[in-house]
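**Q** Here is a sequence with its predicted model. Questions after.
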Amino acid sequence: MTSLLVTNIGELVTWDDDRPVIRDAALVVEHGQVTWIGDRTAAPDADSVHDVGGAAVIPGFVDSHTHLVFAGDRAAEFEARMSGRPYEAGGIRTTVAATRAATDEQLAANVARHLALMRAQGTTTVEIKSGYGLTVRDEARSLAIARQATEETTFLGAHVVPDPSTGSGTEAEVGAYVELVIGAMLEACAPYARWIDVFCEEGAFGADEARTVLEAGMAAGLQARVHANQLGPGPGVQVAASVGAAAADHCTYLDDADVAALADSGVVAGLLPGVEFSTRSPYPDARRLIDAGVTVALATDCNPGSSYTSSMPFCIALAVREMGMTPLEALWSATRGGAFSLRRDDLGHLAVGAKADLVVLDAPSHVHLAYRPGVPLATVLAI
Ligand code: NIG
Ligand code: FE
């Protein structure tokens, strides 16, 4: 048995109930798990020792919402938005065309490239959705590729109606597409997915369709998560609460009943500030959610349309600066909050028994993540 003592930690963020943050700390890792945490001066002997020289150590970031299986980019759309054009859900179809035209190898290489960038910024767990294939074949291969990269894969066949004759699709086109999603597409995708998701929004899918998709996915053994209340007020959060979803993500436009539904149901609110940055939209009110007792996660939503960032530290900085979160709250949401969103008790913390996903900061405390935005401070400790 080999054990590693990580010591001389200026600030250790564990999220342990008794000692969530320990100064002048040490930690022991065995077989990839944390087996001891405490004061540096009380640390036990171990087979090897790693001295971090007074740096802060935090749990690896858990990015609970990304769309990494895609081809191409939409830089021109972003450029147009920065000249005043609004973001529209229909832009998704541009990426669908590029994704369908790409080979499996190209898609897998793109996923690998983004995962490497994420890891270089401290992310150790990533959820990946399909949703840019929107045919049985293209959704299934998207998820097979995602599954090579992570256990946390999500079937998002209900992203938008592909190839509509007009606007977001006639009622008949939407109905027929939902039938395909809950039929042949779900059957082909379920073996590669842990989660089922739906974009419940004006221009995408309404409350009834969203519920139909989620319930079919749950009947096939998947767990539910929802894209909710992103572009305007709507039923997404209420649908998420009514089916017992793990998460309602975006939550930008909420009324009091939505906030109460999140608090009462325990559905995690996933906030994705890269979206508001990249679409020049008002940020969600994290303070209001936290004060109401809602569990909040932070994630990148990395995708080529609404949020082309893979940086969790950037999202933390935005959440602190623009959304009323303290640096400690934002760090919690980017680690433990993400783990709650994925219903993973082994991730996002460094208490005894947790997975030893350690990130060393080139800084003495977690505050520097928001205080020094854009500076690459986080390094995953290779164990
Ligand atoms: O989470 N909201 C729906 N889907 C993505 C956007 C996808 C796109 O614009 O390509 C999101 O923001
Ligand atoms: Fe998304």
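**A** Received, thanks. Ligands and ions are numbered 1, 2, ... in the order given.
**Q** so what's the residue in the stretch 1-150 of the chain that ligand 1 sits nearest to up against?
**A** Ligand 1 sits closest to Ile92 of the stretch 1-150 of the chain, with a gap of 4.3 Å, by C-beta to the nearest ligand atom. All C-beta spots, glycine's among them, are computed from the backbone N, C-alpha and C. By C-beta atoms under 8 Å, 6 or more residues apart in numbering, Ile92 lies in contact with Gly131, Tyr132, His159, Val160, Gly305.
**Q** ok, the residue of the stretch 201-350 of the chain found nearest ligand 1 - how many residues close by?
**A** Nearest to ligand 1, among the residues of the stretch 201-350 of the chain, is Gly305, at 2.2 Å (C-beta to the nearest ligand atom). For Gly305, the number of neighbouring residues by other C-beta atoms under 10 Å comes to 26.
**Q** Can you check the pLDDT for it?
**A** On pLDDT, Gly305 comes in at 97.
**Q** Looks to me like it is in a strand.
**A** No - Gly305: not assigned to a strand; according to DSSP: H, G, I helix; E, B strand; the rest coil it is coil.
**Q** All the helices of the stretch 251-383 of the chain, residue numbers only.
**A** Using DSSP state H, counting those that start in this stretch, the helices of the stretch 251-383 of the chain run over residues 256-265, 273-278, 286-291, 312-322, 327-341, 368-371.
**Q** What's the mean pLDDT across the last one?
**A** Throughout helix 368-371, pLDDT has a mean value of 98.
**Q** contacts for that helix?
**A** 56, 313, 316-317, 319-321, 327, 330-331, 361, 363, 375, 377-378.
**Q** Next, give phi and psi for the residue of the stretch 1-150 of the chain closest to ligand 1.
**A** With angles defined as degrees, to the nearest 10, Ile92 sits at phi -50, psi -40.
**Q** which residue sits closest to Trp235, ignoring its sequence neighbours?
**A** No, residue 235 isn't Trp; it's Pro. Ala207 (3.8 Å; C-beta to C-beta, 6 or more residues apart in numbering).
**Q** Any idea how many residues pack against the one you found?
**A** Counted with other C-beta under 10 Å, the neighbours of Ala207 add up to 14.
**Q** correct me, but it touches Ala240?
**A** No - contact criterion C-beta atoms under 8 Å: Ala207 and Ala240 do not qualify, at 10.6 Å.
**Q** the domain parsing of the protein - what is it?
**A** For the chain, automatic domain parsing gives the domain ranges 3-59+349-380, 61-341.
**Q** ok, and which of those has the densest surroundings?
**A** Most buried of those, by mean neighbour count (mean count of other C-beta atoms under 10 Å): domain 61-341, with a mean of 21.
**Q** how long is that one end to end?
**A** Taking C-alpha to C-alpha, to the nearest Å, domain 61-341 runs 13 Å from one end to the other.
**Q** got it, and stretch 132-141?
**A** Stretch 132-141: ends 11 Å apart by C-alpha to C-alpha.
**Q** And ligand 1, is it touching that?
**A** No - counting by C-beta under 6 Å from any ligand atom, ligand 1 has no neighbours in stretch 132-141; the shortest distance is 7.2 Å.
**Q** what separates that stretch from the chain centre, distance-wise?
**A** Centroid separation between stretch 132-141 and its chain, computed with C-alpha atoms, centre = their mean, to the nearest Å, is 21 Å.
**Q** re earlier: could you dump the helices of the stretch 251-383 of the chain to CSV with distance to ligand 1?
**A** CSV is the format used below for the helices of the stretch 251-383 of the chain (distance: least, C-beta to the nearest ligand atom, whole Å):
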stretch, distance to ligand 1
helix 256-265, 17
helix 273-278, 5
helix 286-291, 17
helix 312-322, 13
helix 327-341, 14
helix 368-371, 23
